[in-house]
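Visitor: fold the stuff below for me.
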Amino acid sequence: MKNLPILDHPQRLFTSEEEMITMITLLSGGTGTPKLIRGMRQVLHDSEIAVVVNCAEDVWVSGNHLSPDIDTVLYLFAGILNTETWWGIRGDSYETNRYLERIGMPESIMIGDRDRGIHIARGTLLREGKTLTEATAAIAASLGVEATVLPMCDTPVASCVATENGPMHFQEYWVTHRGNIEISGIIREYESPPVATGAVIETIQKSDAVIIGPSNPVTSIGPILECEGVREALSEVFVIAVSPFIGSRPISGPAAALMKAWGRSPDSRGTREAYGDIVDLFIQDLNDEIDLPGSLRLNTMMTSQKQSESLAWDLLSIIQGQRSGKNIGRSKR
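Guide: Prediction:
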């Protein structure tokens with residue numbers, strides 16, 4: 001597909017009221033999908049973007065509630081995300097983290113001072129009886145976020161990896177040990193099976209299309225799809241999935257090792273199989289040597305904002321074609 005012009009400011013992709021895209025929902029986790037969201041913001045208004053976010057990597061640290069994937073999305077929309085690391089707040093300081101280490105209470109995760117303020121606020125709201133959805137909405141409002149940002153569920157769920165010493169939380173595996181531990185399986189820990197919130201289901205149903213971004217299929221997208229009600233809702237809308245792999249190499253993160261531990265091939269084929277029949281159109285990178293019949297090839301390497309915008313334009317053009325009856329890919333309906 002030919003890339004469309006890059007805009008320097010957000011504007012609507014289509015001007016006809018009948019053709020206008022009113023809401024796109026993205027499934028997000030980690031750092032891959034936020035890069036695509038950055039591009040979407042140059043084509044759609046924030047109010048036309050909804051993001052369902054993985055919360056299976058949430059963890060309490062020093063008495064405060066850390067939601068790394070939710071915070072990355074919130075900070076992106078608030079214009080304060082550190083886009084060099086794709087986590088944390090740009091220009092943050094680490095005085096509290098250093099002082100805790102000095103007094104003999106080191107943290108396994110390096111947390112910035114302003115970032116910690118968000119964790120304190122979230123933890124306070126949760127202890128007051130607010131749901132994670134309500135806490136996220138309150139924080140989003142305080143940051144001036146106009147997009148809809150939704151955790152996948154309101155009950156605790158944790159992604160863990162199986163090691164020779166037993167289950168290990170994903171945050172410890174990836175942040176503390178940098179993935180340098182042999183793993184043999186993927187475990188979801190919860191008191192009761194996670195159920196998607198009503199807000200998540202309603203948002204998916206109202207969307208013109210859903211994009212499964214190029215995030216880790218195992219620990220970022222997998223937990224969302226495992227929430228009761230999500231796959232059923234996705235079966236009723238047009239779904240595009242963007243592969244996070246180029247050949248056997250993940251675009252970022254530990255996706256390859258996690259896919260192997262999950263019992264799937266660490267490539268686009270394994271990703272496509274994991275998502276199953278909820279996907280109408282699967283996107284692979286131009287340089288991906290894995291041949292998947294029916295997939296569409298685009299440049300998915302979002303190493304710059306312009307590349308993110310270009311991919312966003314391409315995906316929205318596909319969605320508009322689907323809405324106009326020019327089917328691209330398989331339709332579930």
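Visitor: can you give me the strands for the stretch 151-300 of the chain?
Guide: 157-163, 166-169, 185-190, 209-212, 239-242, 245-246, 249-250, 281-285, 296-298 (DSSP state E, counting those that start in this stretch).
Visitor: lowest average pLDDT across those strands?
Guide: Among the strands of the stretch 151-300 of the chain, strand 249-250 carries the lowest mean pLDDT, at a mean of 84.
Visitor: point out where the stretch 1-150 of the chain drops to low pLDDT.
Guide: For the stretch 1-150 of the chain, applying pLDDT under 70 flags the ranges 1-19.
Visitor: in it, which spans are strands?
Guide: Using DSSP E, counting those that start in this stretch, the strands of the stretch 1-150 of the chain run over 24-28, 49-53, 59-61, 64-66, 148-151.
Visitor: for those, give me TSV that also has distance to residue 84 and mean neighbour count.
Guide: Just so you know, the C-beta spots here come from the backbone N, C-alpha and C atoms, and that holds for glycine as well. Below are these laid out as TSV (distance: least, Cβ to Cβ, whole Å; neighbours: other Cβ atoms under 10 Å):
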stretch	distance to residue 84	mean neighbour count
strand 24-28	19	26
strand 49-53	21	25
strand 59-61	22	15
strand 64-66	20	20
strand 148-151	22	24
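Visitor: give me the pLDDT for the nearest residue to residue 243 once chain neighbours are set aside.
Guide: Distances taken as Cβ to Cβ, 6 or more residues apart in numbering place residue 268 nearest to residue 243, at 4.2 Å, with adjacent residues excluded. Listed pLDDT for residue 268 reads 97.
Visitor: in the helix or strand encompassing residue 312, which residues are buried?
Guide: Assigned by DSSP states H and E, residue 312 belongs to helix 305-323. In terms of neighbour count (16 or more other Cβ atoms under 10 Å), helix 305-323 has its buried residues at 307-320, 322-323.
Visitor: still on that earlier bit, distance to residue 242 added to the strands of the stretch 1-150 of the chain, as CSV?
Guide: Listed next are these as CSV, based on distance: least, Cβ to Cβ, whole Å:
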stretch, distance to residue 242
strand 24-28, 10
strand 49-53, 14
strand 59-61, 27
strand 64-66, 26
strand 148-151, 19
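Visitor: what's the closest of these to residue 176?
Guide: Residue 176 sits nearest to strand 59-61 of all the strands of the stretch 1-150 of the chain, at 11.1 Å, using Cβ to Cβ.
Visitor: give me the residues contacting the closest one.
Guide: With contact meaning Cβ atoms under 8 Å, 6 or more residues apart in numbering, strand 59-61 is reached by 66, 107, 108, 109, 111, 119, 123, 158, 169, 171.
Visitor: ok, 7 Å please
Guide: 66, 107, 109, 111, 169, 171 (Cβ atoms under 7 Å, 6 or more residues apart in numbering).
Visitor: equivalent analysis for stretch 154-172, please.
Guide: Among residues not part of stretch 154-172, those counted as contacts by Cβ under 7 Å, 6+ apart are 56-57, 59, 108-109, 131-133, 173, 181-192, 194, 197, 219, 223, 261.
Visitor: show me what contacts residue 273?
Guide: residue 264 are the contacts of residue 273 under Cβ under 7 Å, 6+ apart.
Visitor: now with 10 Å, please.
Guide: Residue 273 is in contact with 217, 264, 265, 292, counting by Cβ atoms under 10 Å, 6 or more residues apart in numbering.
Visitor: give the buried subset of those as a ChimeraX selection command.
Guide: Of these, the buried ones go into a single ChimeraX selection, burial set by 16+ other Cβ under 10 Å:
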select :217,264,265,292
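Visitor: using JSON lines, lay out the contacts of residue 273 together with pLDDT.
Guide: JSON lines is the format used below for those (pLDDT from 0 to 100):
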{"residue": "217", "pLDDT": "97"}
{"residue": "264", "pLDDT": "95"}
{"residue": "265", "pLDDT": "96"}
{"residue": "292", "pLDDT": "96"}
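Visitor: against residue 61, how distant is residue 243?
Guide: Distance of residue 243 to residue 61, given as Cβ to Cβ, to the nearest Å: 32 Å.
Visitor: if you could redo that for residue 292, that was the one I meant.
Guide: As judged by Cβ to Cβ, residue 292 and residue 61 stand 40 Å apart.
Visitor: likewise residue 216?
Guide: Distance, residue 216 to residue 61, using Cβ to Cβ: 21 Å.
Visitor: off-centre distance for the helix holding residue 312?
Guide: Averaged C-alpha coordinates place helix 305-323 at 18 Å from its chain's average position (Cα atoms, centre = their mean, to the nearest Å).
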